[in-house]
Structures are given as structure tokens and as C-alpha cells.
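Asks: Build the 3D model from these lines:
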Amino acid sequence: MESRISYHKRKRKKRRIKKSVYIIILIVGIALLIFSLLKIFIWNKDNSDINQLQKDITDNNVKEVKADESKSNNINPPEDKSDDYWDYIKMDMLSVDFNELKKKNADTVGWIKVNGTNINYPVVQTNNNDYYLNHAYDKSKNSAGWIFADYRNNMTNFDKNTIIYGHGRLNNTMFGSLKNILNSKWYNNKNNYIIKFSTPTENTLWQVFSVYSIKAESYYITTNFSSNQEYDNFLQTLKNRSKKDFSATVNTKDKIITLSTCKDVAGTERVVMHAKLIKAEKR
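Replies: Numbering: from 1, shown residues only. The predicted model follows:
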């Protein structure tokens, strides 16, 4: 009799444990669903806020115009007159109302546009590389962040390597469309090989010479070089990494701009673009 009672007790206990496990799984499942829905809601709201912010800023502050040749300089021109360089320096330059932009955000140091992508944003800079990872242009909290320059760079007199960062958003905002540069549709179109960058002191054009993806590293975001030889080795390494063999040549007289974003959600791989300064127009 005792063994039968014990048997039924054990059976009821197992049922209670199983029921408790089911309840815990259900609660965890519901919690995960709510968390996921909340993340989606926040992601969509952040995207909506960013899209509206970008539209308001772009509509009122930027246009493209012919360069004023009396104020322009061709930078480190090649001797070969058939070089694509001579075609790119004829392109329109950005004209930006920085006075109005700086009223909205005093951290504004430039405006960048990359042909063949959705990249067309003001660039900000502060004393670290963290703040604009999760703050929008108006300094509101936003997971999309904003496009920002490396805090180590001098944005008035460009360094050897000027670095611009942005999140690789799935909806192609910020640097989300930078991944386009790895597709043949982008790099088989010569009109795309140009970056237009304007600052409060000058408008500039930069000719693309390298695009690639790579595991996260710090080498390509080096800003200081101990010698011309070190810088030359750096430039040739970047050019040799390129998925596309661009016609642009680089040497130690060149200054370059580097665009960097995450390729994957985990942030273990980067999409990178490098271009050299070819034209500057004083403002």
C-alpha cells in the first residue's frame, strides 16, 4: 500500500514539476516576445526620427555647384593627362550653409556625400569616438547614432589620414549603404569613384583608390606616421587590399580620407573605403 501511495506522490510531483517548467518556458517566451517587439518599435522609431532629421537638414542646407576655379587648387596632380583624376576634378562640389548647421549642432565639422550610396550627411566631431554611436545630430538618444569624425583628426587642416565613422544600419541610413561599394554594380561605374566633402573652410573632392571588407583592426585607422616610408607602406597596403583595382595612384604627397562601418551585426568585420584628396576650394 505504501509503495502505491509513494508511486502516486512521485507521479503528482513530476506533473507539478513539468507544469512549472511549462509555465516558466511560457513566461520566458512571452518576455522575449515583448522584448523583441519593444526593440523593433524603438528601432523603427529611431529610423523614423533619423529620416526626418536628415530630410530637414538636407533640404535647407546643402546643394551642389560648380567650383570657383579662382579659389580652387588641384592637389598632387598626375603627369599623365589621360588619368581619370582630370575628369573627377571637373565634378560639382558641395555648397553647405554651415552657419545654420552650427546653430543646430556646434559639433558640426563637415558634410559628406558618397556617389552611388545614400550617404549625404553633416559630419560631427567631439572629444571621443563614443558619444555619436548612440546620439543623433540633434544630440537626442538614438541607436542609429550619427556620422562622425575621429576625435584625433584635425578637420581644418586635414591629417594624412582623416577617418569618418558611421553605423551600418540595415535600412541603409548612416553608413548602411556603404556596403554597396563591395558590389560590382557600384565599382563598375566610374561616376561613383568620388567623395564630396565640405567643411566650414573649404570644399573638397576625393578620388577613391581602395574598397574592401576586413576583420576589425586598428591599422587602417592610423593617423600619425613616423616617416614617409611608413606612410608609403601604409598607402600601398590599403591599395593592395582593394576588391577593385582602381586607376588612382597614391604616394606620400597625398592626404586620404577613410570611411569605416560595421559589415555584420556582431561588429567583427568592417567595410572600408579610402580616397585621396584631389581638389580643394577655399570658402
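
Asks: is residue 63 in a bridge, and if so with what?
Replies: On DSSP bridges, the residues paired with residue 63 through beta bridges are residue 95.

Asks: what's the spacing between it and residue 95?
Replies: Residue 63 sits 5 Å away from residue 95 when distances are taken as Cβ to Cβ, to the nearest Å. Using the backbone N, CA and C atoms, a C-beta is placed for each residue, glycine as well.

Asks: More neighbours: the two, which one.
Replies: For residue 63 and residue 95, the more surrounded residue by other Cβ atoms under 10 Å is residue 95, and the numbers stand at 18 against 10.

Asks: The more buried one and residue 62 touch, don't they?
Replies: Yes: the criterion here is Cβ atoms under 8 Å, and residue 95 meets it with residue 62 at 7.1 Å.

Asks: Within its sheet, name the partner strands of the strand or helix carrying residue 276 and how each one runs.
Replies: For residue 276, the element it lies in under DSSP states H and E is strand 269-282. For strand 269-282, sheet partners with direction are given as strand 72-74 (antiparallel), strand 202-215 (antiparallel), strand 256-262 (antiparallel), following DSSP bridges.

Asks: Just tell me which of the ones you listed ends up closest to residue 196.
Replies: strand 202-215 (6.2 Å; Cβ to Cβ).

Asks: mind listing what's buried in that closest one?
Replies: 202-212 (16 or more other Cβ atoms under 10 Å).

Asks: which residues of the stretch 51-200 of the chain fall in helices?
Replies: For the stretch 51-200 of the chain, the helices defined by DSSP state H, counting those that start in this stretch occupy 85-88, 98-104, 184-187.

Asks: Can you tell me which of those helices is most buried?
Replies: Most buried of the helices of the stretch 51-200 of the chain by mean neighbour count (mean count of other Cβ atoms under 10 Å) is helix 85-88; its value is a mean of 18.

Asks: average pLDDT for that one?
Replies: If you average the pLDDT over helix 85-88, you get 96.

Asks: quick one: it to chain centroid distance?
Replies: Here helix 85-88 is found 25 Å from its chain centre; the criterion is Cα atoms, centre = their mean, to the nearest Å.

Asks: Then stretch 153-160?
Replies: Offset of stretch 153-160 from its chain centre (Cα atoms, centre = their mean): 18 Å.

Asks: what sits against residue 190?
Replies: With contacts defined as Cβ atoms under 8 Å, 6 or more residues apart in numbering, residue 190 is in contact with residue 84.

Asks: for residue 77, that is, sorry about that
Replies: For residue 77, the contact set (Cβ under 8 Å, 6+ apart) comprises 85-86, 278.

Asks: Also residue 89?
Replies: Residues counted as contacts of residue 89 (Cβ under 8 Å, 6+ apart) are 74, 205, 278-279.

Asks: what about 10 Å?
Replies: By Cβ atoms under 10 Å, 6 or more residues apart in numbering, the contact set of residue 89 is 67, 72-75, 77, 194, 205, 207, 278-279.

Asks: ditto for residue 202
Replies: Counted by Cβ under 10 Å, 6+ apart, residue 202 has contacts 71-73, 93, 110, 156-158, 279-283.

Asks: Just list the residues touching residue 228, thanks.
Replies: Residue 228 makes contacts with 160, 251-253, as judged by Cβ under 10 Å, 6+ apart.

Asks: and the two most separated of the residues you listed?
Replies: Maximum pairwise distance in the contacts of residue 228, criterion Cβ to Cβ, is 11.7 Å, between 160 and 251.

Asks: Residue 27 is in what secondary structure piece?
Replies: helix 2-61.

Asks: quick one: least confident helix or strand in this structure?
Replies: Confidence across the helices and strands of the chain bottoms out at helix 2-61, with a mean of 69, counting by mean pLDDT, DSSP states H and E.

Asks: From the contacts of residue 77, pick the one nearest residue 198.
Replies: Of all the contacts of residue 77, residue 198 sits closest to residue 278, with 14.5 Å by Cβ to Cβ.

Asks: Okay, and the beta partners of the closest residue to that closest one other than its chain neighbours?
Replies: Counting by Cβ to Cβ, 6 or more residues apart in numbering, the nearest residue to residue 278 once its immediate chain neighbours are dropped is residue 207, at 4.8 Å. Listed by DSSP bridges, the beta-bridge partners for residue 207 are residue 194, residue 276.

Asks: now do the one 4 residues further on
Replies: Bridge pairing for residue 211 (DSSP bridges) gives the partners residue 273.

Asks: Touching, it and residue 258? I think so.
Replies: No: using Cβ atoms under 10 Å, residue 211 is not in contact with residue 258, being 11.1 Å away.
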